[in-house]
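A.B. asks: curious how this folds, go ahead:
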Amino acid sequence: MENKAAFYNLLTRQALALIEGEPNLIANLANVSALLYQELECINWAGFYLDDGNELVLGPFQGKPACVRIPYGKGVCGTAFREDSVLRIEDVHLFEGHIACDAASNSEVVLPLYVKGKLVGVLDIDSPEKARFDEYDETGLTLLVNELQKHL
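C.D. replies: From the prediction side, this is the model:
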């Protein structure tokens, strides 16, 4: 889908412009989550969960208050982190072990996040719409995260 590819290319350039020259990880993730929340349609949460050495802990985000701690391997975020893989879930209510931080969320995409070659957390985006994220969103968000990782 050409329009989505162009959209994600632009979004990636915007994200990189926001973090250019800024060394602080939290500040950069805060701006990226704000950009995603502002620019993506039909989402109700966008943000990061970061590894504290024992579990994932809530990081910078936009949306309603969220679960603060997620054990490795639990829910979509914990599973994506443990498996070090992108998870795109069409209906979170059918995902075994789903953690319902916001009952309004129906679909989700989660991408592993690396800093200097180390897995440090995940990017999590939720939508109230079932099957909101398709393969083009996954490809576009993967591009965005891959480019971000080079600058974090």
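
A.B. asks: for beta bridges, what are the partners of residue 56?
C.D. replies: residue 51, residue 70 (DSSP bridges).

A.B. asks: from memory it sits against residue 122, does it?
C.D. replies: Yes - Residue 56 lies in contact with residue 122 (C-beta atoms under 8 Å); the separation is 6.9 Å. Where you see a C-beta, it was placed from the backbone N, CA and C, and this is true even at glycine.

A.B. asks: joint contacts of those two?
C.D. replies: Overlap of the contact sets of residue 56 and residue 122 (by C-beta atoms under 8 Å, 6 or more residues apart in numbering) consists of 49, 77, 81.

A.B. asks: of these, which belong to strands?
C.D. replies: Of the shared contacts of residue 56 and residue 122, the ones assigned to strands by DSSP state E are residue 49.

A.B. asks: residue 30: which of the shared contacts of residue 56 and residue 122 is nearest?
C.D. replies: residue 49 (13.8 Å; C-beta to C-beta).

A.B. asks: list of residues touching the longest helix that the chain contains?
C.D. replies: For the chain, the longest helix by residue count, based on DSSP state H, is helix 2-19. Contact partners of helix 2-19, identified using C-beta under 8 Å, 6+ apart, comprise 28, 31-32, 35-36, 39, 136-137, 139-141, 143-144, 147-148, 151-152.

A.B. asks: okay, buried residues for that helix please.
C.D. replies: Of the residues in helix 2-19, 7, 8, 11, 12, 14, 15, 18, 19 count as buried by neighbour count, 16 or more other C-beta atoms under 10 Å.

A.B. asks: find the centremost residue of the chain, please.
C.D. replies: Nearest to the mean C-alpha position of the chain, by C-alpha atoms, centre = their mean, lies residue 123 at 2.3 Å.

A.B. asks: contacting residues around it?
C.D. replies: Contacts of residue 123 by C-beta under 8 Å, 6+ apart are 46, 47, 48, 110, 111, 113, 141, 145.
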